[in-house]
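S.K.: Here's my sequence, what's the structure:
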Amino acid sequence: MPLVEVTYAPDVPESTLRELGAALPHLVSKAVECPEEPYDGDLQPGDVEIRFRRLGPLDRCGLDVVIEVRSKWFESRAADRQERVDGLQRDITTATGLGDVGVYLSLPVAAWSQGD
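M.R.: From the prediction side, this is the model:
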C-alpha cells in the first residue's frame with residue numbers, strides 16, 4: 001500500500017490538485033506494481049493513501065509540486081526504482097500538465113495492516 005504525500009506551492013490551482021489527486025492512485029499503483037504486489041486495476045479503499053500539504057511561509061522548495069511515494073521494499077521494486085520513478089514523473093506530467101514537478105520514491109522495509 002503506497003503512502004503518497006503531495007507538497008505544493010500556494011499558486012497551484014485547486015482544480016489541478018484535484019486532477020492530480022484523481023490520477024495519482026492509478027499512476028502510483030502502476031509505478032510500484034511488482035510480482036509480490038500485482039496491480040489489477042481495481043483499487044480498493046486503503047490501497048493508496050494520498051495527503052496534500054500546502055507549502056508554508058517558512059518552507060523552501062524550488063518546484064511547484066513535490067510528490068513523495070513510500071511503498072514497501074521488494075527486491076523486484078528496488079532493482080529498477082529509477083526507471084519506475086522516471087516513468088511516474090512522466091505519467092504525472094502527461095496526465096495533469098504540471099511541468100514543474102518532482103517525484104521521490106522511497107522503498108523502506110515496512111509492514112502494513114488494516115481492518116475491514
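
S.K.: Give me the buried positions along the helix or strand that contains V69.
M.R.: Assigned by DSSP states H and E, V69 belongs to strand 65-70. Buried residues in strand 65-70, counted by 16 or more other Cβ atoms under 10 Å: V65, V66, I67, V69, R70. No exception for glycine: its C-beta is placed from N, CA and C like everyone else's.

S.K.: Same question for stretch 92-112.
M.R.: Within stretch 92-112, the residues scored as buried using 16+ other Cβ under 10 Å are I92, T96, L98, V101, G102, V103, L105, L107.

S.K.: Residues in contact with whatever helix or strand comes next after the strand holding V69: which ones?
M.R.: Downstream of strand 65-70, the first helix or strand assigned by DSSP H and E is helix 75-78. When contacts are defined by Cβ atoms under 8 Å, 6 or more residues apart in numbering, helix 75-78 is touched by residues V32, C34, P35, E36, S71, R84, L107.

S.K.: For G62, see how far away the first one is.
M.R.: Right, V32. For V32, the distance to G62 (Cβ to Cβ, to the nearest Å) stands at 26 Å.

S.K.: residues in contact with the closest residue in space to A9 that isn't next to it in sequence?
M.R.: Nearest residue to A9, sequence neighbours excluded (Cβ to Cβ, 6 or more residues apart in numbering): D64, at 4.8 Å. With contacts defined as Cβ under 8 Å, 6+ apart, D64 is in contact with Y8, A9, D11, V12, L98, D100, V101.
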